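> next comes the sequence, and after it the predicted model I'd like to discuss.
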Amino acid sequence: IHKQTRLTPEEWKKVKMHPVEGHEILGDNNCDPWIRKVALEHHIRFDRTGYPRVGADYEIQEGSHIVRIADTYDALTTTRPYREQLSPYEAVRLMQNGRGAEFEPGLFDIFMTVLGNIPIGSIVKLNTGEVAVVVDINEHDEDSPVVRLIQDEEGCRVNLEVLVDLSERDPSTGNPVRHIDSIMDSRVREVDVGAYLPVRELSFTR
């Protein structure tokens, strides 16, 4: 994980053993069989390639498909010793190429709906010159998310929590009060995106 250069074939072979070994470790600790199966399957692609190797008719449980999507997104948006992180916008655009092959298409579509056309965590520049981070989506207008300002029009850091709903319109003209001018495609290195995102209570069912 911490190696600065590309893995050798022998090292890569060892890395690919971690799903099987994780499955065994969880079994030795009497872990829930459902969780054990996720550990085993989370690197098996929707088209049944990946690792460990399985047959074309092998049935992957839904939770494993979900974890594969989340794990891939996390890996792409996290700095690794051998590469810099991608922005959320870059990551989802790259992942779209794997819909239906690497990722289960129905669940991937839900993932994209949750993140929005401009994913939560994206850094955007507004027409006002302000810079903001996307913190929520508008269900009826995915191109106009809720953002939190991080720089004002002069380029100075905004320390207060200023939330702006980009779907808000000027009542006299009907035009948006603010809109996204550009998505900052450069790697996010100086902004701790997580510090700006709200903590949500999540519930999971299986």
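Here it is on my side, so go on. Worth saying up front: this structure is predicted, and the values here are computed from it rather than measured. Numbering: from 1, shown residues only.
> please make it C-alpha for all contacts and neighbour counts, starting now.
OK.
> just the C-alphas of stretch 133-146, formatted as PDB.
Taking Å, rounded to 0.1, in the frame of the first residue of the first chain, the C-alpha atoms of stretch 133-146 are listed here in PDB:
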ATOM      1  CA  VAL A 133     -17.400  23.100  -2.400                       C
ATOM      2  CA  VAL A 134     -20.600  21.100  -3.300                       C
ATOM      3  CA  VAL A 135     -22.200  19.900  -0.100                       C
ATOM      4  CA  ASP A 136     -25.600  18.700  -1.300                       C
ATOM      5  CA  ILE A 137     -27.700  18.200  -4.500                       C
ATOM      6  CA  ASN A 138     -31.000  19.600  -5.500                       C
ATOM      7  CA  GLU A 139     -33.200  16.600  -6.500                       C
ATOM      8  CA  HIS A 140     -35.100  18.600  -9.100                       C
ATOM      9  CA  ASP A 141     -32.100  20.600 -10.500                       C
ATOM     10  CA  GLU A 142     -28.900  18.500 -10.300                       C
ATOM     11  CA  ASP A 143     -26.900  21.200 -12.100                       C
ATOM     12  CA  SER A 144     -27.600  23.700  -9.300                       C
ATOM     13  CA  PRO A 145     -26.400  22.100  -6.100                       C
ATOM     14  CA  VAL A 146     -26.100  23.500  -2.600                       C
END
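> contacts for it?
The contact list for stretch 133-146 (Cα atoms under 8 Å, 6 or more residues apart in numbering) reads 114-124, 147-150, 163-167, 179-180, 193, 196-198.
> who does the helix ranked longest in the chain touch, helix- and strand-wise?
Using DSSP state H, we find that the single longest helix of the chain is helix 62-76. Contacting helix 62-76 under the criterion 3 or more Cα pairs under 8 Å, 6 or more residues apart in numbering; DSSP states H and E are the following elements: helix 33-41, helix 88-95, helix 105-115.
> quick one, which of these is nearest to residue 19?
helix 33-41 (4.5 Å; Cα to Cα).
> quick check: residue 182 is in a strand.
Yes. Under DSSP: H, G, I helix; E, B strand; the rest coil, residue 182 falls within a strand.
> now do it against residue 43, distance only.
34 Å (Cα to Cα, to the nearest Å).
> more neighbours, the two?
Neighbours per residue, other Cα atoms under 10 Å: of residue 182 and residue 43, the larger number sits with residue 43, 25 against 12.
> ok, now how distant is the more buried one from residue 102?
9 Å.
> ok, now residue 44?
8 Å.
> how about the nearest residue to residue 54, chain neighbours excluded?
Excluding the flanking residues, the one nearest residue 54 by Cα to Cα, 6 or more residues apart in numbering is residue 48, at 6.5 Å.
> low pLDDT regions in this structure?
185-206 (pLDDT under 70).
> center of it - which residue?
Nearest to the mean C-alpha position of the chain, by Cα atoms, centre = their mean, lies residue 73 at 3.8 Å.
> so what's the nearest residue to that residue once chain neighbours are set aside up against?
Closest residue in space to residue 73, ignoring its immediate chain neighbours: residue 91 at 6.5 Å, by Cα to Cα, 6+ apart. By Cα under 8 Å, 6+ apart, the contact list for residue 91 reads 73, 76, 77.
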